[in-house]
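Undergrad: What would the 3D arrangement of this be:
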Amino acid sequence: DLKNWKHHPIALGIDEEWEKSICTGSVVYANKKFYAFYATRLINSEGNVNEQLSYAISNDGIQFTKQKPNPFYTSAPGYSKRDFRDPKVIVDTDGLFHLLVSSKKEVVVLQGTEGALVHLVSKDLKNWDVKSPVLTGQGSVPECPDYFYWNGWYYLIYGNRGNTFYVKSRDKFGPWEEP
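TA: Predicted coordinates:
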């Protein structure tokens with residue numbers, strides 16, 4: 001009712017020593033369960049920060065159980081291991097899971113255009129295929145993406161260098177137009 005609130009414990013906390021922090025993520029309801037996708041930061045054996053994807057499942061949307069393996073995805077080929085975070089989960093009408101992940105391309109033609117949203121898909125949450133990126137050519141990592149369908153348009157919202165942008169398309173994953 002937006003008047004009476006109940007405080008619950010943290011849904012996803014840092015439980016392992018290797019989890020240095022938990023990044024932005026998203027939750028979706030599918031198959032009569034809640035799926036929370038998030039990124040964890042860790043320090044690798046060379047002392048560098050890596051960001052990797054993990055997920056947890058809940059029956060009630062309050063108490064989540066982290067799944068194994070954790071993390072389930074370390075980085076997509078051709079993209080940064082340091083910047084691989086903020087998974088936005090989408091489930092389509094066929095039950096296919098889509099993850100849009102904030103990252104940078106490792107190789108670009110023009111400097112300052114490496115920011116991208118990686119697109120991963122899976123039917124079983126274990127095997128993931130890398131598709132063409134949903135967004136490329138950004139001046140920095142496109143942060144905390146959101147995605148929705150409304151009034152005949154698909155919208156993609158993201159942050160870049162402290163500003164918020166959005167693009168829209170008649171097709172699920174572009175081509176995008178900037179209003």
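Undergrad: Give the other helices and strands that whichever strand in the chain runs longest contacts.
TA: Longest strand of the chain, by residue count under DSSP state E: strand 79-91. Helices and strands touching strand 79-91, by 3 or more CB pairs under 8 Å, 6 or more residues apart in numbering; DSSP states H and E, are strand 26-30, strand 33-43, strand 49-58, strand 97-105, strand 115-122, strand 143-150. Using the backbone N, CA and C atoms, a C-beta is placed for each residue, glycine as well.
Undergrad: looking at those, which is buried most?
TA: Most buried of the helices and strands packed on strand 79-91, by mean neighbour count (mean count of other CB atoms under 10 Å): strand 97-105, with a mean of 24.
Undergrad: one step back: can you list the strands that the longest strand of the chain pairs with?
TA: Strand 79-91 has the following strand partners under DSSP bridges: strand 97-105 (antiparallel).
Undergrad: by how many degrees do the partner strand and strand 49-58 diverge?
TA: Angle, strand 97-105 to strand 49-58, by axes from the mean of the first three to the mean of the last three CA atoms, to 10 degrees: 170 degrees.
Undergrad: and the angle for strand 97-105 with strand 26-30?
TA: Relative orientation of strand 97-105 and strand 26-30, computed by the same axes, to 10 degrees: 160 degrees.
Undergrad: about what we covered before: of all the helices and strands packed on strand 79-91, which lies closest to residue 77?
TA: With CB to CB, the closest approach to residue 77 among the helices and strands packed on strand 79-91 belongs to strand 115-122: 10.0 Å.
Undergrad: elements contacting the closest one?
TA: Against strand 115-122 (3+ CB pairs under 8 Å, 6+ apart) you get strand 79-91, strand 97-105, strand 129-138, strand 153-160.
Undergrad: Residues in contact with it: which ones?
TA: 73, 76, 79, 84, 96-105, 128-142, 145, 156, 158, 160, 173 (CB atoms under 8 Å, 6 or more residues apart in numbering).
Undergrad: For PyMOL, what selects the buried ones among those residues?
TA: Entered in PyMOL, the line below selects the buried ones among the contacts of strand 115-122, by 16 or more other CB atoms under 10 Å:
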select buried, resi 73+76+79+84+97+98+99+100+101+102+103+104+105+128+133+134+135+136+138+141+142+145+156+158+160+173
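Undergrad: so residue 98 touches residue 91, yeah?
TA: Yes - counting by CB atoms under 8 Å, residue 98 touches residue 91, with 7.4 Å between them.
Undergrad: Just give me the residue closest to the centre of this protein.
TA: Centroid-nearest residue in the chain: residue 87, 0.7 Å away (criterion: CA atoms, centre = their mean).
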